[in-house]
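In: sequence first, then the predicted structure:
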Amino acid sequence: MLYLAVLTGLVLAIGYGAQSLGYRWQWYRVSPMLLTVRDGHWVWGPLAMGAAATVKIVLWSLPLALSIGVAVAVLRSSGLIVGRALARIYLEVIRSTPLLVQLYLTYFVVAPVLGLDRYAVGILALAVFEGALASEIFRAGIAAVPSGQWEACASLGLSRFETYRSVVLPQALRIVMPPLTSLAVSLIKHSAIVSVIAVAELTTAGRNLVSETFMSFEVWFTVAAIYLVATTSLSTLAGRLEAKLQTPS
Amino acid sequence: MISIEHLNKYFGGFQALRDVDLEVERGGRVVICGPSGSGKSTLMRCINGLESPDGGRVVVDGVELTATHTEGPRGNRSEALAQIRRKTGMVFQQFNLFPHLTVLGNLALAPMRARGFDRAAAEGLAMRYLERVHIPEQANKFPAQLSGGQQQRVAIARSLCMEPEIMLFDEPTSALDPEMVQEVLDVMIELAEEGMTMIVVSHEMGFARRVADTMVFMDEGRIVETAPPSQFFDAPGHDRTRKFLGRILSH
């Protein structure tokens, strides 16, 4: 009840504020930005195309970030001194500099050298950044697996690789599902930042529409709603997966 | 089968094992007892390389794990370790079953991933050993759904699936409720009667009397006394052994 009252108050306040600014709401112009039907064909609007691009970026960078995270976490838990040091340096450098700066560096320095396009730069920068955060999550998960599990594997003659693959990582994954979900959600949100290198994703589409139509309220509300749908569907999905992975205890 | 000479082990400044010597014949059944902190578990863990020795040597069926080995090239040590672990199975006080796998999955994992069996063959093997520990009907449950005694029997079967020549038991019944101790001991007795080489850390003296051919008493990292069970229980040669036995047999 209280929640509804607050929400209603907020909507009224925004409406009142907009009115006093003399803002003219034009919600009817929003739907073509998503989808129109022309000559019996569906035509996707710029916001829908942008959303699709955002999804594509996330679908590439999330698995990449998780792979980097697992690899770095395993490296940091290994006995290799050089490997541990490299993993540590990667973590500290990435975690301690702004994503925006990393993105610019990748775009202006790394991309020309490797011949990457904007999309690849965006995906790479996001994956490397979130990978660092993921590695800390996985490291905590690996450390939370009891040492008895390692000893059982060793006494059964399982190699280190098999121990990770069959016993430690599956258990670590179950432990880190909640923080991993948060990471995936923030990856979706952070993907907005690649709009600064003009990757045609959702936020870029929103900005272009606002500069064409000056409908900043409608467009940004719609963009926010699309992000909200994306993130909540992801966390719902992750919740289902978490429940499915649960073993009886 | 197992030969331990002048074994020393330190944890930081603490000396856990002091100049330990032990010989175990093929088919031998050794029960080790002693107060907590006396180095029993550490000794067991040095045999299959869960701990590496700081001095002396451990030879298991001709494969040597020495202190110098430990500091030698990595490949050497891991090769020796792999061979020793192939020959030995270990059962832990806390079972250490894999909680995310079913009972069948727990048993089939190592044959598949370390011996190259395909799933069908590994599960066939797993069912055979589950029958040997008398719980084939629990194959599709998860460890957490079993009683402690059942879990420990699964752990024994899991080790047996690697068909080891030596079984190490590290206080296998200490974490169990009293009424479940016997079912685990029964399985171990059957194993002993089939001729398995066994080293058991245990305070179950009834079991020891029945199964052991050699009793070992450890205190403060040393082997104080080694004797056949009849002599060990009826006429212990050392004061400390006598005191210890007096304390654990009185209740």
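Out: Everything's here; your move. Numbering: from 1, shown residues only, chains lettered A, B, ... in the order given.
In: switch to C-alpha atoms for all contacts and neighbour counts from now on
Out: Noted.
In: state the helix or strand in which B:E23 lies.
Out: strand B:14-24 (DSSP states H and E).
In: next structured bit after that strand?
Out: Assignment by DSSP H and E places the next element after strand B:14-24 at strand B:29-33.
In: which elements pack onto that next one?
Out: Applying 3 or more CA pairs under 8 Å, 6 or more residues apart in numbering or on different chains; DSSP states H and E, we find strand B:29-33 packed against strand B:197-201, strand B:214-219.
In: residues making contact with that strand?
Out: B:24, B:40, B:192, B:196-203, B:208, B:211-218 (CA atoms under 8 Å, 6 or more residues apart in numbering or on different chains).
In: quick one: mean pLDDT for that strand?
Out: Summarised as a single mean, pLDDT over strand B:29-33 is 95.
In: ok, now stretch B:84-101?
Out: 94.
In: what's next to it, contact-wise?
Out: Under CA under 8 Å, 6+ apart, the answer for stretch B:84-101 is A:148-149, A:152, A:154-157, A:167, A:170-171, A:247, B:48-49, B:60, B:63, B:106, B:142-144, B:151-152, B:155-156, B:159-160, B:162-175.
In: quick one: classify the spatially most central residue of chain B as helix, strand or coil.
Out: Geometric centre of chain B, nearest residue: B:L168, 1.7 Å, by CA atoms, centre = their mean. Following DSSP: H, G, I helix; E, B strand; the rest coil, B:L168 is assigned to strand.
In: is it true that it touches B:I199?
Out: Yes: counting by CA atoms under 8 Å, B:I199 is a contact partner of B:L168 at 5.0 Å.
In: correct me if wrong, but B:R57 is in a helix.
Out: No: per three-state DSSP, B:R57 lies outside any helix segment and is strand.
In: that one reaches B:L65, doesn't it?
Out: Yes: at 6.0 Å, B:R57 counts as touching B:L65 under the criterion of CA under 8 Å.
In: what helix or strand is the most centrally placed residue in chain A on?
Out: Chain A has A:L187 as the residue nearest its centroid, 1.6 Å off, counting by CA atoms, centre = their mean. Using DSSP H and E, A:L187 maps to helix A:169-190.
In: and that helix, does that touch chain B?
Out: Yes: using CA under 8 Å from any CA of the partner chain, a contact is recorded between helix A:169-190 and chain B, made by A:P170, A:Q171.
In: C-terminal to that helix, what's the next element?
Out: In the C-terminal direction, the helix or strand that comes right after helix A:169-190 (DSSP H and E) is helix A:202-213.
In: on that earlier part again, which residues sit in contact with the residue nearest to the centre of chain A?
Out: So A:L187 contacts A:V58, A:L62, A:L126, A:E130 (CA under 8 Å, 6+ apart).
In: if we use 7 Å, what do you get?
Out: Residues near A:L187 by CA atoms under 7 Å, 6 or more residues apart in numbering or on different chains: A:E130.
In: any idea of the mean pLDDT for stretch A:79-97?
Out: 93.
In: pull the CA atoms of that stretch into PDB?
Out: Taking Å, rounded to 0.1, in the frame of the first residue of the first chain, the C-alpha atoms of stretch A:79-97 are listed here in PDB:
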ATOM      1  CA  GLY A  79      51.000 -22.800  -7.500                       C
ATOM      2  CA  LEU A  80      52.500 -20.900 -10.400                       C
ATOM      3  CA  ILE A  81      54.200 -17.800  -9.100                       C
ATOM      4  CA  VAL A  82      54.300 -16.000 -12.400                       C
ATOM      5  CA  GLY A  83      50.700 -16.900 -13.200                       C
ATOM      6  CA  ARG A  84      49.500 -15.700  -9.800                       C
ATOM      7  CA  ALA A  85      51.400 -12.400 -10.300                       C
ATOM      8  CA  LEU A  86      49.900 -11.900 -13.700                       C
ATOM      9  CA  ALA A  87      46.400 -12.600 -12.500                       C
ATOM     10  CA  ARG A  88      47.000 -10.200  -9.600                       C
ATOM     11  CA  ILE A  89      48.300  -7.400 -11.900                       C
ATOM     12  CA  TYR A  90      45.300  -7.900 -14.300                       C
ATOM     13  CA  LEU A  91      42.900  -7.600 -11.400                       C
ATOM     14  CA  GLU A  92      44.400  -4.600  -9.800                       C
ATOM     15  CA  VAL A  93      44.900  -2.600 -13.100                       C
ATOM     16  CA  ILE A  94      41.400  -3.300 -14.300                       C
ATOM     17  CA  ARG A  95      39.600  -2.900 -11.000                       C
ATOM     18  CA  SER A  96      41.400   0.400 -10.200                       C
ATOM     19  CA  THR A  97      40.800   2.300 -13.400                       C
END
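In: contact partners of that stretch?
Out: For stretch A:79-97, using CA under 7 Å, 6+ apart, the contacting residues are A:V72, A:L75, A:R76, A:S78, A:F129, A:A132.
In: residues near B:H203, how many?
Out: 20 (other CA atoms under 10 Å in any protein chain shown).
In: spell out which parts of the stretch 101-250 of chain B neighbour chain A.
Out: By CA under 7 Å from any CA of the partner chain, the residues of the stretch 101-250 of chain B that approach chain A are B:A110, B:R113, B:A114, B:F142, B:A144, B:Q145, B:S159.
In: which two in these are spaced the farthest apart?
Out: Within those, two members stand farthest from each other by CA to CA: B:A114 and B:Q145, at 26.7 Å.
In: for the helix holding A:L187, buried residues please.
Out: A:169-177, A:180-181, A:183-185, A:187-190 (16 or more other CA atoms under 10 Å in any protein chain shown).
In: where does pLDDT dip in the chain?
Out: Since you didn't name a chain, this refers to chain A. Residues of chain A meeting the criterion pLDDT under 70: A:249.
In: actually chain B
Out: For chain B, the ranges with pLDDT under 70 are B:67-76, B:251.
In: helices along that one, start to end?
Out: B:40-47, B:67-71, B:74-87, B:103-114, B:119-132, B:148-160, B:178-193, B:205-211, B:229-234, B:239-249 (DSSP state H).
In: buried ones among the residues of the stretch 101-250 of chain B next to chain A?
Out: B:A110, B:R113, B:F142, B:A144, B:Q145, B:S159.
In: and the closest residue to A:P32 other than its chain neighbours, how close does it get to A:L241?
Out: Counting by CA to CA, 6 or more residues apart in numbering or on different chains, A:G45 is the residue found nearest to A:P32 once chain neighbours are left out, at 5.9 Å. Distance, A:G45 to A:L241, by CA to CA, to the nearest Å: 32 Å.
In: list the contacts of B:E171.
Out: Listed by CA under 7 Å, 6+ apart, the contact set of B:E171 reads B:F92, B:Q93, B:V201, B:S202.
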